[in-house]
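1. Sequence first, then the predicted structure, then my questions.
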Amino acid sequence: MTPLNNKWKNRDRKLKHFGAKSILPNMITILALSVGATAIRFAMEERWDAAVLAIVIAGVLDGMDGSVARLLKSTSRFGAELDSLSDVVAFGVAPGVLLYMWSIQALGGLGWVIALAFTICCALRLARYNSNLDVDDEPRKKAGFLTGLPAPVAAGLALLPVMAASEYGQGFYTNPEFVGLYSAAICFGMISKFPTYAFRTLMIRKDYLVYTLLLFGLFAASVTAYGWQMLIIAGLFYILSVPVSVYRFYALTKKA
């Protein structure tokens with residue numbers, strides 16, 4: 001047998017077997033997709049709290065799959081594409097359907113247009129992100145920022161009125177006109193070029209590591225104790241961080 005045939009034989013043998021670490025990140029992505037799609041079912045059954053919780057869990061899983069892939073050194077183009085398709089369903093379709101059925105269907109056709117716009121803007125945001133994966137000289141990326149609102153964050157922010165209604169009852173945040181305008185603003189945030197913080201690029205000094213872990217533990221405990229209240233506070237905190245990130249980026253650019 002020629003060396004060339006041996007080469008292809010060995011290659012075929014390798015392709016027939018995959019290690020667990022190679023498919024674990026993709027399994028987490030599939031789980032996030034399943035949980036996000038289940039949120040649509042909960043919305044159809046008017047189980048609003050369960051639908052919101054499913055999308056939040058999908059966001060946690062979405063943050064895990066990339067981290068696990070980098071940790072196991074099993075990142076792949078297939079995994080990146082699968083992750084994007086999962087994100088469109090979990091953070092584009094599911095929130096759009098949930099918001100429509102919960103409130104903005106009262107706006108008639110306009111409500112459905114907003115729900116569709118949410119899904120479309122999510123897909124456009126992910127497509128732009130994927131197209132810049134290999135672009136190292138993109139100004140925001142070089143400075144450690146993201147461009148626009150990340151899809152999981154945008155989904156969580158869009159659901160703040162639903163969380164507030166569940167926690168505090170009826171209010172201005174349940175008004176269909178307000179929900180429609182607020183959702184449209186989130187749509188714009190996804191496709192905008194506003195620089196936003198990429199928290200995974202933040203550096204923590206060793207002296208502050210213990211305190212950072214303590215704060216995270218207290219936040220996790222508060223979420224289990226107070227539920228929606230803490231998630232609402234976290235969402236409002238992120239909204240307030242956007243103008244800070246814009247100012248910080250342009251200050252760094254000017255200095256450079």
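-> On my side now, so go ahead.
2. what about the stretch 1-150 of the chain, any weak spots by pLDDT?
-> Counting by pLDDT under 70, the stretch 1-150 of the chain has low-confidence residues at 1-21, 133-138.
3. what about residue 47, neighbour count?
-> 14 (other CB atoms under 10 Å). No exception for glycine: its C-beta is placed from N, CA and C like everyone else's.
4. Actually, residue 223.
-> 16.
5. In contact with it, which residues?
-> 230, 231 (CB atoms under 8 Å, 6 or more residues apart in numbering).
6. May I ask which helix or strand encompasses it?
-> helix 209-226 (DSSP states H and E).
7. So which elements touch the helix or strand just after that helix?
-> Next in sequence after helix 209-226, counting helices and strands by DSSP H and E, comes helix 228-255. Applying 3 or more CB pairs under 8 Å, 6 or more residues apart in numbering; DSSP states H and E, we find helix 228-255 packed against helix 151-158, helix 160-168, strand 195-197, helix 209-226.
8. The last one to helix 160-168, inter-axis angle?
-> Here the directions of helix 209-226 and helix 160-168 differ by 60 degrees (axes from the mean of the first three to the mean of the last three CA atoms, to 10 degrees).
9. Please identify the buried residues of helix 209-226?
-> Buried residues in helix 209-226, counting neighbours by 16 or more other CB atoms under 10 Å, are found at residue 223.
10. now for the helices and strands packed on helix 228-255, which one comes closest to residue 108?
-> helix 160-168 (19.0 Å; CB to CB).
11. Return the list of helices and strands in contact with that closest one.
-> If contacts are counted by 3+ CB pairs under 8 Å, 6+ apart, helix 160-168 sits against helix 48-71, helix 94-102, helix 176-191, helix 228-255.
12. could you give the angle of the last one to helix 209-226?
-> An angle of 140 degrees separates the directions of helix 228-255 and helix 209-226 when computed by the same axes, to 10 degrees.
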